[in-house]
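Participant: generate coordinates for the sequence data below:
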Amino acid sequence: MPGGRLTQQERQQIALGLADGLAYAEIARRLERPTSTVTREVMRNGGPTAYRADLAHRAAERRAHRRRQAAPRGPEAPPQAHGRDAEAVREYEEAFTTLLMQQGLPKMMSRVLTCLYTTDAGSLTASELAQRLQVSPASVSKAVALLEGQGLIRRERDGRRRERYVVDDDVWYQGMIASARSHARLAETARQGVSLLGPDTPAAVRLENIARFVDFVGESITRAAEQAREILFTKAGTASGGTAGPRADRG
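Facilitator: Got it, this is the predicted structure:
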């Protein structure tokens, strides 16, 4: 399987595949590349409808040139924590960011979330995020506010009274519960339409079906989230530390 950066010829094949309506997985198979490589390449260069091989290749060359210029001048780059491969970590972070963008998150929110997920501490200050991502503090501030509003991160103050943004097991739980509440609101609104439009009309039947469906999904999400937190987090903590208490009363 080929490795390294994409060549100009491979980018042309990607463009041809997109023009033919091929899925990313099929294009990747023909190139003998991971699907994530093709997905990331297309998403960072305009998406499937605007991708151009020549522009994408020039953009890749510019990024490589900037990385070479930014490399440390010393005899070798500083070692990564735990002996990690810096290039492999960067590629992974880009792939994770692309995945989050495909799921509907804006680019900056995706970058911030990926940065928090892949840091060992699981928390960073706004200034640390801005430094790691090489963006302005204002960009970070807007992204973290939106992520917090969606329940994907939470903020806390550390011993120096600095605000830190955190992702941990409970953030995932709270995010799932927020999703279940959103489903409940949708079901309630749909049922308001049932009484307004008349219970025997086709429109009302449709709305009632929507309400029943999202009710079922929302209740399933809540049950699954409660069970996952109890089984995966509480029992795992007890097994590793021997003194962990239940967490089901949080949130």
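
Participant: the stretch 151-251 of the chain: strands as residue ranges?
Facilitator: Under the criterion DSSP state E, counting those that start in this stretch, the stretch 151-251 of the chain contains strands at 154-157, 163-166.

Participant: can I get the first one in PDB, CA atoms only?
Facilitator: It refers to strand 154-157. What follows is the C-alpha trace of strand 154-157 in PDB, where atoms were taken according to Å, rounded to 0.1, in the frame of the first residue of the first chain:
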ATOM      1  CA  ARG A 154     -17.500  22.000  30.100                       C
ATOM      2  CA  ARG A 155     -15.500  24.700  31.800                       C
ATOM      3  CA  GLU A 156     -13.900  24.700  35.200                       C
ATOM      4  CA  ARG A 157     -11.300  26.800  37.100                       C
END
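
Participant: helices or strands next to it in the packing?
Facilitator: Secondary-structure packing of strand 154-157 (3 or more CB pairs under 8 Å, 6 or more residues apart in numbering; DSSP states H and E): helix 137-149, strand 163-166, helix 169-197. In this view, the C-beta of every residue, glycine as well, is placed from N, C-alpha and C.

Participant: what's the most buried one of these?
Facilitator: Ranked by average neighbour count under the criterion mean count of other CB atoms under 10 Å, the helices and strands packed on strand 154-157 are headed by strand 163-166 at a mean of 18.

Participant: partner strands of that strand and their direction?
Facilitator: Taking DSSP bridges as the criterion, strand 163-166 sits next to strand 123-125 (antiparallel), strand 154-157 (antiparallel) in its sheet.

Participant: looking at the ones you listed, which has the lowest confidence?
Facilitator: Summarising mean pLDDT across these, the least confident stretch is strand 154-157, with a mean of 86.

Participant: what comes up buried for that one?
Facilitator: When neighbours are counted by 16 or more other CB atoms under 10 Å, the buried residues of strand 154-157 are found to be residue 154.

Participant: repeat that for stretch 110-120.
Facilitator: 110, 111, 112, 113, 114, 115, 116.

Participant: wait, which of those is closest to residue 102?
Facilitator: Ranking the buried residues of stretch 110-120 by separation from residue 102, with CB to CB as the measure, puts residue 110 on top at 9.2 Å.
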